[in-house]
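*Asks:* Quick one: sequence plus predicted model below, questions after.
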Amino acid sequence: MKINIFNTETEVLANLAAYFVTIADNAIVERGRFSVALSGGSSPKKLYELLSSPAFKERVDWQKVDFFFGDERYVSQTDSNSNYLMAKKALFEPLKIEPAHIFAVNTSLEVDNAAEQYTATITKYFAGSEMRFDLVLLGLGDNSHTASLFPHTTVLHDISPSVKAVYLEDQKKYRITFTAPLINQAHHVAFLVYGDAKATAVHHIIEDERDFENFPAQLIAPLEGNLQWFLDATAASQLKSTISR
């Protein structure tokens, strides 16, 4: 695990965008394509807007990039809460990404069927090989969740590299998420976290004793891949040690 700390939100985003470009270029050279699982939320939206800006849009061969979603809200793809819709507006449309390279969750299906179909889609994409994304982008909630791995949900105990439906009792809503084992098969995993509201959660995940039920993001520990955190100074303010490890 490597912890990267920057002074400002702008620096965090710029450095993660540069990291994205590097991983994409390396994957395209090594494997001919770059597979990335996107995250939702306001922080990733700013990253996608930066990647599609003049500063970065010419630095990736976007025709060789395939986009997936590490989690999705169980809403229509036209709903304002849809992770797909956010990425479409911030990234896909500005870059003119062809639909064939966008693998969205089919939320028109019954929720368990949607999760099963997405697992099948990913399995087919990797053509029988281990399902190893080149990069999985993650955020972190102030309750220590990541993707849709929320505290005290049954998916935290799932040992299959797959996609599952999750019911959030407090919200009375379903979500669809990569399981931790699927995330942990990735070549690279990167957390994007900034703001003082996330400082306690960052401390829990990186420095507290293992307690997956309360701090689900602790489950993220790539088996053979590389894990990096991109933090601003306020998000890292409760860390006792900032030494990369």
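*Replies:* Now that the structure is in, tell me what you want to look at. Numbers count the residues shown, from 1 in each chain.

*Asks:* ok now do Ser129, which residues does it touch?
*Replies:* Under the criterion of Cβ atoms under 8 Å, 6 or more residues apart in numbering, Ser129 has no neighbours. All C-beta atoms are positioned from the backbone trio N, CA, C, and that covers glycine.

*Asks:* separation between it and Thr123?
*Replies:* As for Ser129, its distance to Thr123 is 10 Å (criterion: Cβ to Cβ, to the nearest Å).

*Asks:* Can you get me the centre-to-centre distance for the lengthiest helix in the chain and its chain?
*Replies:* Secondary structure assigned by DSSP state H gives helix 9-31 as the longest helix of the chain. Averaged C-alpha coordinates place helix 9-31 at 14 Å from its chain's average position (Cα atoms, centre = their mean, to the nearest Å).

*Asks:* hey, where'd the strands end up in the chain?
*Replies:* Taking DSSP state E as the criterion, the chain carries its strands at 2-6, 34-38, 65-69, 71-73, 135-138, 163-168, 173-178, 188-193, 226-232.

*Asks:* Asn214: which of these is closest?
*Replies:* Each of those was checked against Asn214 via Cβ to Cβ, and the shortest separation belongs to strand 163-168, namely 15.4 Å.

*Asks:* Just the residues contacting the closest one, thanks.
*Replies:* Contacts to strand 163-168, defined as Cβ under 8 Å, 6+ apart, come from residues 74, 105, 111-112, 114-116, 118-119, 122, 148-150, 153-155, 158, 173-179, 182.

*Asks:* ok, residues contacting the longest helix of the chain?
*Replies:* Defining contact as Cβ under 8 Å, 6+ apart, one finds that helix 9-31 is touched by 4, 6, 33-36, 46-47, 50-51, 55-56, 59-61, 64-65, 134-135, 137, 187-188, 190, 192, 194-195, 228, 230-232.

*Asks:* For ChimeraX, write the select line for the buried members of those residues.
*Replies:* When burial is assessed using 16 or more other Cβ atoms under 10 Å, the buried subset of the contacts of helix 9-31 is captured in ChimeraX by this command:
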select :4,6,33,34,35,36,46,47,50,51,56,60,65,134,135,137,187,188,190,192,194,228,230,231,232
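
*Asks:* Mark which of the contacts of strand 163-168 are buried, thanks.
*Replies:* The neighbour-count test (16+ other Cβ under 10 Å) applied to the contacts of strand 163-168 identifies 74, 105, 111, 114-116, 118-119, 122, 148-150, 153, 155, 158, 174-179, 182 as buried.

*Asks:* In helices, which of these fall?
*Replies:* Secondary structure assignment (DSSP H) places 111, 114-116, 118-119, 122, 182 from the buried ones among the contacts of strand 163-168 within helices.

*Asks:* Now render those residues as JSON lines, adding distance to Phe212.
*Replies:* Below are these laid out as JSON lines (distance: Cβ to Cβ, whole Å):
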{"residue": "Val111", "distance to Phe212": "23"}
{"residue": "Ala114", "distance to Phe212": "25"}
{"residue": "Ala115", "distance to Phe212": "20"}
{"residue": "Glu116", "distance to Phe212": "24"}
{"residue": "Tyr118", "distance to Phe212": "23"}
{"residue": "Thr119", "distance to Phe212": "22"}
{"residue": "Ile122", "distance to Phe212": "23"}
{"residue": "Leu182", "distance to Phe212": "16"}
